[in-house]
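In: this one's sequence-less:
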């Protein structure tokens, strides 16, 4: 399974956002992670559809949108129109997860489902075969710069075993506290899409992305 880097623009410098996005793409990052926070499901507020729409055409990266919002079914159509390729919702935020997944697929997007650190990975069992990507939060959602929660590795291993048992090839994405120093642990546990914010955008973006890509390519 291919390993991919998804730089999180939550950590980018918005004064030069387009330039920074292009740098991540030119150095091998195939995804771009876009965190949407509503101040209700999580305490913070970030950005939404207009910002996503404004970066269309800056690069050919996969637009990986993570909705940390209550009742996300309300926004499926709008994020499709804004250019989302993957639309990931939180299991904890959905009244009817099946209806949300059906709507995401009806608009031609790939569906992702995320869980918070306290949510058991077994709660994903009923939808294992209906989702293209599962996102394991390795920090509490809502704030950047937190330390990686070590217990997340067990959740990744369990989820990968659950998928393997059913012969499913869904992506496992991991978000929170991932750096060059610990990304191998995350990959070894079974993840294949790595979200990194400050580890990409603080310092030399090109060097940071290249460092991640060198590690990821070693698994191919």
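Out: Nice, I can see it. Because the structure is predicted, anything quoted here is derived from the model rather than measured. Numbers count the residues shown, from 1 in each chain.

In: the protein: strands as residue ranges?
Out: With strands called from DSSP state E, the chain shows them at 4-7, 31-37, 62-68, 86-90, 110-115, 133-137, 171-175, 193-196.

In: reformat these as CSV; add mean pLDDT, distance to residue 124 and mean neighbour count.
Out: Glycine gets a C-beta too; all of them are placed from N, C-alpha and C. Below are the strands of the chain laid out as CSV (pLDDT from 0 to 100; distance: least, Cβ to Cβ, whole Å; neighbours: other Cβ atoms under 10 Å):
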stretch, mean pLDDT, distance to residue 124, mean neighbour count
strand 4-7, 98, 20, 26
strand 31-37, 97, 20, 25
strand 62-68, 98, 16, 25
strand 86-90, 98, 12, 27
strand 110-115, 98, 7, 22
strand 133-137, 98, 6, 26
strand 171-175, 98, 11, 25
strand 193-196, 98, 16, 26
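
In: to residue 101, which of the ones you listed lies closest?
Out: strand 110-115 (4.9 Å; Cβ to Cβ).

In: ok, residue 169 - contacts?
Out: Contact analysis of residue 169 by Cβ atoms under 8 Å, 6 or more residues apart in numbering lists 1, 163.

In: repeat that for the one 3 residues further on.
Out: If a contact means Cβ under 8 Å, 6+ apart, then residue 172 has 133-134, 136, 156, 159-160, 163, 190-193 as its contacts.

In: switch the strands of the chain over to JSON lines; also include distance to residue 77.
Out: Output for these, formatted as JSON lines (distance: least, Cβ to Cβ, whole Å):
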{"stretch": "strand 4-7", "distance to residue 77": "23"}
{"stretch": "strand 31-37", "distance to residue 77": "14"}
{"stretch": "strand 62-68", "distance to residue 77": "13"}
{"stretch": "strand 86-90", "distance to residue 77": "10"}
{"stretch": "strand 110-115", "distance to residue 77": "14"}
{"stretch": "strand 133-137", "distance to residue 77": "20"}
{"stretch": "strand 171-175", "distance to residue 77": "23"}
{"stretch": "strand 193-196", "distance to residue 77": "25"}
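
In: which intervals of the protein have sub-threshold pLDDT?
Out: 144-145 (pLDDT under 70).

In: for it, what spans make up the helices?
Out: Assigned by DSSP state H, the chain shows helices spanning 17-26, 49-54, 76-82, 97-106, 152-165, 183-189, 198-201, 205-217.

In: ranking these by burial, who's on top?
Out: Counting by mean count of other Cβ atoms under 10 Å, helix 198-201 has the highest mean neighbour count of the helices of the chain, with a mean of 23.

In: possible to save the helices of the chain as JSON lines with distance to residue 125?
Out: Formatted as JSON lines, the helices of the chain follow (distance: least, Cβ to Cβ, whole Å):
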{"stretch": "helix 17-26", "distance to residue 125": "34"}
{"stretch": "helix 49-54", "distance to residue 125": "31"}
{"stretch": "helix 76-82", "distance to residue 125": "23"}
{"stretch": "helix 97-106", "distance to residue 125": "12"}
{"stretch": "helix 152-165", "distance to residue 125": "7"}
{"stretch": "helix 183-189", "distance to residue 125": "19"}
{"stretch": "helix 198-201", "distance to residue 125": "32"}
{"stretch": "helix 205-217", "distance to residue 125": "28"}
